[in-house]
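K.L.:
Attaching a predicted model along with its sequence, questions to come.
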Amino acid sequence: MLHLFGKVNSLNTEVALLTPEKVIVELSTASLGTRVTAHLLDLFILILGEGILMWIVSLVAIATGEVSNAILLPIMVAIPFLYFILLEGLWRGQTVGKSALRLHVAMADGSPITFQAAIGRNLLRPADMLPMFYFLGMVSIILTNKSQRLGDLASNTIVISRISLDSRLTPAPHHIGTHQFEGLVGDLSNMTHQDYEVLKRLCDRYPELPQSLVEQMIEEFWVPIAKRCNVPDTRSVHPVLLAEAMVMKYGRLHGLL
């Protein structure tokens with residue numbers, strides 16, 4: 001089980017995660033100000049988009065002489081929900097506004113947000129807006145030790161500040177297709193399910209980890225597993241990419257993907 005503890009200051013909350021590997025990962029949750037700014041940017045995009053849609057509908061109405069409000073109104077209501085759900089669920093927890101402010105949504109254990117969690121946290125936005133102007137949501141962010149609004153609490157998510165990553169390393173999702181470096185990791189006959197879980201967590205959390213911690217986890221977990229599984233020392237390929245290749249290959253061989 002993953003444990004959480006945090007320290008709150010006037011700007012944000014430092015959330016420390018104690019992973020099953022007994023490594024402490026510290027994540028900085030987004031401040032209320034940056035979340036509000038990101039949301040205002042998203043609202044601007046939504047208002048602009050819906051304005052363009054209404055303009056197109058008006059042109060259609062002029063040309064055809066009719067427009068069905070029974071169809072138009074549900075679409076206008078659905079667009080904001082679809083905007084947040086699809087972007088956060090498919091773009092590593094980011095909307096355009098969050099990307100501009102270097103924020104993203106993650107699960108409370110620091111792993112990437114699931115699509116189900118993206119649906120849950122965004123369907124509860126109307127509750128956060130009560131009684132007006134996101135009042136309940138902002139109060140919840142201020143009072144909770146992980147800066148969570150109601151949708152975050154229900155979906156077990158947090159909004160964190162994205163750190164600068166090594167631009168040379170951009171691992172692909174390790175649940176899709178065949179990894180380009182699978183040919184370098186051997187037959188994995190000595191790899192255990194526990195090895196799979198450890199490496200999968202390392203790959204999952206890599207985008208949120210500072211480089212120093214990535215190097216520590218590589219030394220403590222990747223190196224012993226790689227030696228036991230007879231993975232060649234390939235210095236031209238980053239260990240996280242090799243770990244991802246092992247996760248994908250082992251997962252496919254054992255029906256875990």
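P.N.:
Perfect, thanks for sending it.
K.L.:
And Trp76, which helix or strand is it part of?
P.N.:
Not Trp; residue 76 is Met. helix 69-90 (DSSP states H and E).
K.L.:
which ones are touching Lys98?
P.N.:
Counting by Cβ atoms under 8 Å, 6 or more residues apart in numbering, Lys98 touches 38, 42, 88, 104-105, 159. For the C-beta atoms, the positions are set from N, CA and C on the backbone; glycine is no exception.
K.L.:
ok, now with 6 Å
P.N.:
Lys98 is in contact with 38, 104, counting by Cβ atoms under 6 Å, 6 or more residues apart in numbering.
K.L.:
And Phe115, how far from Gln148?
P.N.:
19 Å (Cβ to Cβ, to the nearest Å).
K.L.:
And the two? Which one has more around it.
P.N.:
Neighbour comparison, Phe115 and Gln148: the larger count goes to Gln148, with 23 against 12 (by other Cβ atoms under 10 Å).
K.L.:
ok, the closest residue in space to Ile75 that isn't next to it in sequence - how many residues close by?
P.N.:
Closest residue to Ile75 apart from its sequence neighbours, by Cβ to Cβ, 6 or more residues apart in numbering: Leu53 at 7.9 Å. Neighbour count of Leu53, defined by other Cβ under 10 Å: 14.
K.L.:
In what element of secondary structure is Leu53 found?
P.N.:
Going by DSSP H and E, Leu53 is in helix 32-64.
K.L.:
Which elements pack onto that helix?
P.N.:
If you count contacts as 3 or more Cβ pairs under 6 Å, 6 or more residues apart in numbering; DSSP states H and E, helix 32-64 packs onto helix 96-100.
K.L.:
C-terminal to the helix it packs on, what's the next element?
P.N.:
Downstream of helix 96-100, the first helix or strand assigned by DSSP H and E is strand 103-107.
K.L.:
Noted, bye for now.
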